[in-house]
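J.: Below: sequence and its predicted model.
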Number of protein chains: 2
Amino acid sequence: MARAATTSDVFNAIAEPQRREILVLLRAGERPVTELARELGMTQPGASKHLRVLREVGLVRDRKAGKQRVYGLDAHGLRPVHEWAGTFEQFWDESFDRLDAYVQDMKQTRQEE
Amino acid sequence: MARAATTSDVFNAIAEPQRREILVLLRAGERPVTELARELGMTQPGASKHLRVLREVGLVRDRKAGKQRVYGLDAHGLRPVHEWAGTFEQFWDESFDRLDAYVQDMKQTRQEE
DNA sequence: TTGACGCATACCTATATAGGCATATGATTG
DNA sequence: CAATCATATGCCTATATAGGTATGCGTCAA
């Protein structure tokens, strides 16, 4: 099997650096495709493709504005990411003393089996 | 070009659902490979491969314990993910930056799906 | 030393991109 | 209607997996 589709979920969608850049740019406001492409130094088709992925997972939405199609941020879908990573918060501040203690525990437990 | 390598950064590493499951499991304590594989219903080589990716981006550490190799969590690398997603926090609760009512309607519609 | 056990790797296959380029699609204007 | 601008897509290539299977390697017990 290949890697999971980027359209399958938000975690895959934001795995791409350029897509994260797009989201950051859109934080400052809506933008048409060409402007996004220009600001990020990518081709127009390239920008459109990334925007499509972001749209399919619901991180951006588009709105027609004359000849242009304006993309805007919908960061709602990033909340699960934030919360998921947040569940590990207690582990990244502490020293590993605690973990090491746990390790010793496991070691003993196994030896006693 | 193909997609960026999973080993390139944490965002790519956690894009894989099974790897996220591994991290969640390790939150409860260290575990040898075989036990992880059993608990997650994957083959031993499969678990080893995912663990390798996680190790290369620094999300897990391994320690030899006799015949076994025990893997432990090092969630430190998840902090950037949490913080990055957090920079969008102001956008997922309240009204959108400069998006109009039309956008709000779209938001509600999608949330109801 | 010989097995047995636990794990990492090599190898192979199918798949999903990311990108570049050409072109179809839509909308706007003269 | 024709020309033009703004985007989206189709097509093609090279690459990076995710998984499965077989196997090599190191460790421990008898």
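T.: All right, it came through fine. Numbers count the residues shown, from 1 in each chain, chains lettered A, B, ... in the order given.
J.: quick one: the strands in chain A?
T.: Remark: strands assigned in chain A by DSSP state E are A:31-32, A:60-65, A:68-73.
J.: List the pairing partners of the first one within its sheet, with orientation.
T.: Each strand pairing with strand A:31-32, determined using DSSP bridges, is listed with its direction: strand A:68-73 (antiparallel).
J.: Let me know the angle separating the partner strand from strand A:60-65.
T.: 150 degrees (axes from the mean of the first three to the mean of the last three CA atoms, to 10 degrees).
J.: Dead centre of chain A: give me the residue that sits there.
T.: By CA atoms, centre = their mean, the mean C-alpha position of chain A lies nearest to A:Ile14, the distance being 2.9 Å.
J.: hey, where'd the helices end up in chain A?
T.: Secondary structure of chain A (DSSP state H): helices at A:10-13, A:17-26, A:33-40, A:44-56, A:79-86, A:89-93, A:97-112.
J.: Now the ones you listed in CSV, please, with extra columns for mean neighbour count.
T.: For glycine as for every other residue, the C-beta is placed from the backbone atoms N, C-alpha and C. Formatted as CSV, those follow (neighbours: other CB atoms under 10 Å in any protein chain shown):
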stretch, mean neighbour count
helix A:10-13, 23
helix A:17-26, 18
helix A:33-40, 16
helix A:44-56, 17
helix A:79-86, 18
helix A:89-93, 14
helix A:97-112, 12
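J.: Could you dump these into CSV and include mean pLDDT?
T.: Output for the helices of chain A, formatted as CSV (pLDDT from 0 to 100):
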stretch, mean pLDDT
helix A:10-13, 95
helix A:17-26, 96
helix A:33-40, 96
helix A:44-56, 96
helix A:79-86, 96
helix A:89-93, 85
helix A:97-112, 46
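J.: Nearest residue to the residue nearest to the centre of chain A in space, please, no chain neighbours.
T.: A:Arg20 (5.5 Å; CB to CB, 6 or more residues apart in numbering or on different chains).
J.: Give me the distance between that neighbour and B:Val10.
T.: A:Arg20 sits 12 Å away from B:Val10, going by CB to CB, to the nearest Å.
J.: Mean pLDDT added to the strands of chain A, as a markdown table?
T.: Listed next are the strands of chain A as a markdown table, based on pLDDT from 0 to 100:
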| stretch | mean pLDDT |
| --- | --- |
| strand A:31-32 | 96 |
| strand A:60-65 | 93 |
| strand A:68-73 | 96 |
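J.: Please see if stretch A:76-88 touches chain B.
T.: Yes. For stretch A:76-88, a contact with chain B is found by CB under 8 Å from any CB of the partner chain, at A:His76, A:Leu78, A:Arg79, A:Val81, A:His82, A:Trp84, A:Ala85, A:Gly86, A:Thr87, A:Phe88.
J.: can you tell me how far the first one sits from DNA strand C?
T.: In this case it means A:His76. Distance of A:His76 to DNA strand C, given as CB to the nearest atom of the strand, to the nearest Å: 21 Å.
J.: what pLDDT does that residue get?
T.: Reported pLDDT at A:His76 in the predicted model: 92.
J.: surely it meets A:Gly58?
T.: Yes. A:His76 sits in contact with A:Gly58 when judged by CB atoms under 8 Å, with a separation of 7.1 Å.
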